[in-house]
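Asks: Whatever this is, show me its structure:
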Amino acid sequence: MPGRCRGLSLLELLIVVGILGLLASRAIPVFTAASRPTQVAEATERIAAALRFARDEAQRTGTAHGVAFTPGTVTDTFKVYVLDSSAPPMPQYTVRQPLSRQLYSETLGAGSTFPDARLEAQPVVTASGNSSALSFSPDGAPAITQGAALLRLSGTSARVRVSAGVLSRDVRVAVETGRVTVQ
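Replies: Residues are numbered from 1 along each chain as shown. Prediction:
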């Protein structure tokens, strides 16, 4: 009959949905791989911002501040802290982000905005060895805590590496000036 519309059968509809599902499953890895450079770039910028904030707060308040990095199996975290004046100095994770007023803590890896971005096992690499935290003395100079002392860094710059697959970017802190850059 002319003018009569014929609908799709359930079998035809299932075939179309199956083909679309197959195409989507092939496209997801392509999109994920394409997003890795963006994830690495944004994650390194967030780490650099945390380090700059810690340096600026140390200079503003006259109290040592820093960023602690905790690599994990599924997620990695980094938190801004203030060092108390006890011996040995202990990090106090009470620093808040200036705009949101939330504790300054961020996550990389599963369940985060950056699911593929990860830290190295020993995140802070310095001329004197590796560390899981980088502090800034009250004058803004980069330092690490060893025992009861806050030791200023010397030699080459400190480095924090973020990677996703074969991609990686570094956040560098110049030991002479405390300047934080992304490379």
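
Asks: contacts and neighbour counts: CA atoms only from here.
Replies: Fine.

Asks: for the helix or strand harbouring residue 35, packing partners?
Replies: Taking DSSP states H and E as the criterion, residue 35 maps to helix 10-61. Using 3 or more Cα pairs under 8 Å, 6 or more residues apart in numbering; DSSP states H and E as the contact test, the elements touching helix 10-61 are strand 65-70, strand 75-83, strand 133-136, strand 158-164, strand 167-173, strand 180-182.

Asks: any chance of those strands in JSON lines, with distance to residue 148 too?
Replies: Written out in JSON lines, the entries for these read as follows (distance: least, Cα to Cα, whole Å):
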{"stretch": "strand 65-70", "distance to residue 148": "15"}
{"stretch": "strand 75-83", "distance to residue 148": "11"}
{"stretch": "strand 133-136", "distance to residue 148": "14"}
{"stretch": "strand 158-164", "distance to residue 148": "21"}
{"stretch": "strand 167-173", "distance to residue 148": "23"}
{"stretch": "strand 180-182", "distance to residue 148": "26"}
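
Asks: by how many degrees do the host helix or strand of residue 107 and strand 158-164 diverge?
Replies: According to DSSP H and E, residue 107 maps onto strand 105-109. An angle of 50 degrees separates the directions of strand 105-109 and strand 158-164 when computed by axes from the mean of the first three to the mean of the last three Cα atoms, to 10 degrees.

Asks: where does this structure dip in pLDDT?
Replies: Low-confidence segments of the chain, defined by pLDDT under 70: 1-5, 26-34.

Asks: what's the spacing between the spatially most central residue of it and residue 6?
Replies: The residue lying closest to the centre of the chain (Cα atoms, centre = their mean) is residue 43, at 4.3 Å. Relative to residue 6, residue 43 is positioned 53 Å away (criterion: Cα to Cα, to the nearest Å).

Asks: Equivalent analysis for residue 152, please.
Replies: Counting by Cα to Cα, the gap from residue 152 to residue 6 is 79 Å.

Asks: surely the residue nearest to the centre of the chain meets residue 162?
Replies: Yes - under the criterion of Cα atoms under 8 Å, residue 43 is in contact with residue 162, at a separation of 7.2 Å.
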